[in-house]
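Participant: sequence below, structure please.
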Amino acid sequence: MSYQHILLAVDLTEESEQVAEKAVMLMRENQASLSLIHVIEPLSFAYGGDVPMDLSTIQDQLDEQAQQRLSEFSSQLSVDIKQTHVVTGHTSSEIHRIAKETDIDLIIVGSHGRHGLSLLLGSTANDVLHGAICDVLAVRVEK
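Facilitator: You can find the predicted model right below:
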């Protein structure tokens with residue numbers, strides 16, 4: 001079985017480069033197309049929605065910065081990128097939504113291999129795995 005359309009989920013940290021290397025390798029091996037997604041959690045999530053001020057301007061600035069950083073990141077990959085997505089919402093839900101809307105057959109995410117309490121609380125890779133309608137590859141990243 002070969003993959004036709006791969007979705008690489010990145011958090012735009014330095015570790016994203018390690019995950020991208022694997023994605024590009026699989027893209028080439030499968031002659032697949034590659035799309036990228038970066039999800040921004042809304043500021044209201046961080047504050048529980050009880051913020052007595054309008055955060056929309058700050059949220060817009062975060063979105064704009066993320067668009068620019070994802071564009072720079074994608075150009076460093078030196079491959080054709082089918083689509084880039086910068087979306088705001090719950091990370092795993094947005095990855096699932098974009099994967100479904102764009103006929104993705106493989107999602108690639110980074111995994112930090114957490115242990116102890118953080119393992120019990122879950123991780124983005126785990127959340128993506130448990131709701132995906134396609135294969136998910138969690139790439140172990142080194143610090």
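
Participant: shaky segments in this protein?
Facilitator: 44-55, 112-122 (pLDDT under 70).

Participant: show me the contacts for residue 105.
Facilitator: Applying CB atoms under 8 Å, 6 or more residues apart in numbering to residue 105 gives the contacts 3, 4, 5, 6, 134, 135. Heads up, the C-betas are built off the backbone N, CA and C, glycines and all.

Participant: does the fourth one belong to a helix, a strand or coil?
Facilitator: Reducing the assignment to helix, strand or coil with DSSP: H, G, I helix; E, B strand; the rest coil, the entry for residue 6 is strand.

Participant: ok, longest strand in the protein?
Facilitator: Secondary structure of the chain read by DSSP state E shows that its longest strand is strand 33-40.

Participant: any chance of the contacts of residue 105 in CSV, with distance to residue 75 too?
Facilitator: Listed next are the contacts of residue 105 as CSV, based on distance: CB to CB, whole Å:
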residue, distance to residue 75
3, 23
4, 23
5, 20
6, 18
134, 26
135, 27
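
Participant: now restrict the residues you listed to buried residues only.
Facilitator: The neighbour count (16 or more other CB atoms under 10 Å) marks 3, 5, 6, 134 as buried among the contacts of residue 105.

Participant: can you give me the helices in this protein?
Facilitator: Here the chain has its helices, by DSSP state H, at 16-30, 43-46, 56-76, 91-101, 117-121, 124-129.
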